[in-house]
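>>> prediction below, plus the sequence it came from.
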Amino acid sequence: MSVRGLTCPVLYLLLLSLGATACSRSSDKEPSIQQGNGQLPLDPSASNAGKNPSDTKKQPDLEGGVAQIDSSGIIGWAWDRNEPNTPLRVDVYDGNDLIATILANVHRDGLVKAGKGNGAHGFEYRFPAPQRDNREHVITVRYAGTDQAIKGSPKALRLEPLIVPKKATDQDKTNDKKSSASKGNG
């Protein structure tokens, strides 16, 4: 008898280091190597043998919310109920363009009180100056690597340019002194 060109004794020798104790094939079953009192199928697709135990971990159970999306930025939180103390990443999109990936690891007492793991699931994002073009944008926050938007997004808004206060110059200071002096003489 042969399996893919190998005889059962050859397979036995190859798999001896795995603790194989016998090699058999019944007419209606897949050839297998016996180990102890169980059987290991020779077809790797027929078993979980060799699979990483982490491959069988639970699917994510995602929850979050976006509390604020405005010209100043985004504030929200995201967590996985199945990994309650592990921070998640969130993706920020402007239309279809990914503009940032943020780690949701900011501690919030409100999240602890609400039973959201260790509470370190908050995130904040500030829009960079080039994005603040006084045009309409559709901002979406998603759980990283998914198409699932976080509750509270998307939101359409106009991203207004930052107004940076003008720094006082020496000329401004001189003008202020002259203005104060003239008011005192009036």
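Cool, got the structure.
>>> walk me through the domains of this structure.
2-48, 62-158 (automatic domain parsing).
>>> ranking those by mean pLDDT, which is last?
In terms of mean pLDDT, the lowest-scoring of the domains of the chain is domain 2-48 (a mean of 44).
>>> burial count for G65?
13 (other Cβ atoms under 10 Å). Using the backbone N, CA and C atoms, a C-beta is placed for each residue, glycine as well.
>>> please confirm that it is located within a strand.
Yes: applying DSSP: H, G, I helix; E, B strand; the rest coil, one finds G65 inside a strand.
>>> spatially nearest residue to it (excluding sequence neighbours)?
Excluding the flanking residues, the one nearest G65 by Cβ to Cβ, 6 or more residues apart in numbering is K151, at 4.8 Å.
>>> mind listing the strands for the chain?
Using DSSP state E, the strands of the chain run over 2-3, 6-7, 22-24, 32-35, 38-41, 62-70, 73-80, 88-94, 97-104, 106-107, 120-125, 136-143, 155-158.
>>> please identify the deepest-packed of those.
Highest mean neighbour count among the strands of the chain (mean count of other Cβ atoms under 10 Å): strand 73-80, with a mean of 22.
>>> return it as CSV; C-alpha atoms alone will do.
Extracted in CSV, the C-alpha atoms of strand 73-80 (Å, rounded to 0.1, in the frame of the first residue of the first chain):
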residue,chain,number,x,y,z
GLY,A,73,-10.7,67.0,15.9
ILE,A,74,-12.2,63.7,16.9
ILE,A,75,-12.8,62.3,20.4
GLY,A,76,-14.0,58.8,21.0
TRP,A,77,-13.4,55.3,22.4
ALA,A,78,-13.2,51.7,21.1
TRP,A,79,-12.7,48.3,22.7
ASP,A,80,-13.1,44.6,22.2
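>>> correct me, but V66 touches G73?
No: taking Cβ atoms under 8 Å as the definition, V66 is not a contact partner of G73, at 11.0 Å.
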